[in-house]
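Student: the sequence and its predicted three-dimensional model are supplied below.
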Amino acid sequence: RPDYSAPAGAPYTAEEVTVRTPAGHVLTGTLTRPTGTTAPVPAVVTITGSGAQDRDEYIAVAGGWRIFRQVADTLGRRGIAVLRLDDRGVGGSGGDVNGTSADFADDIRAGIAFLRSRPDIDPARIGLVGHSEGGLIAPMVARTDARLAAVVLMAGPAYTGRRIIDYQIRN
């Protein structure tokens, strides 16, 4: 089982959480939150790329890199909370892994609602960090939520879904 705890000496804690989606799925995840403050802190929700991913977006072909664990650590050390969720059907998360980007956008909206419900999170300072397909989903969510404070896109798609799939199949 992957270790989602905060590293020794980190200036943040790591809390296991569950988020219920509008479709009734329960997603498991980790909320890292800076220590040493009682004031509400800013937060981001990470959004994984295509395919069933764990909350860290573990990438075996990149030497086992856990991109979102690194993002959470970096932001946590700068006073920003991070919500990382396992995709549907991964880890302890339930639901159909064959959903659409629009379905997954609803999952992210549920993560945002979860953060906004917490008194330790500043609801006016919530952002999104999307990688790959997450870079497509983040703007979909932002288009429907004017209260988001930031959107970060990392290697988001520049082509249509059909063109991407054709490329991936060929290569």
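Tutor: Great, that's in hand. Numbering: from 1, shown residues only.

Student: CA atoms for contacts and neighbours, from now on please.
Tutor: Noted.

Student: what sits up against the lengthiest strand in the chain?
Tutor: Using DSSP state E to define each element, the chain has its longest strand at strand 121-131. Strand 121-131 is contacted from outside by 40-49, 81, 112, 115-116, 135-138, 147-156, using C-alpha atoms under 8 Å, 6 or more residues apart in numbering.

Student: with stretch 90-97 instead?
Tutor: With contact meaning C-alpha under 8 Å, 6+ apart, stretch 90-97 is reached by H25, V26, L27, T28, G51, A52, Q53, D54, D86, D87, R88, G89.

Student: what residues of the longest strand of the chain count as buried?
Tutor: With burial defined by 16 or more other C-alpha atoms under 10 Å, the residues of strand 121-131 counted as buried are I121, D122, P123, R125, I126, G127, L128, V129, G130, H131.

Student: residue nearest the centroid of the protein?
Tutor: When the chain is reduced to its mean C-alpha position, the nearest residue by C-alpha atoms, centre = their mean turns out to be T46, at 2.2 Å.

Student: helix or strand for it, which one?
Tutor: Using DSSP states H and E, T46 maps to strand 41-47.

Student: for L85, name its beta-bridge partners.
Tutor: G29 (DSSP bridges).
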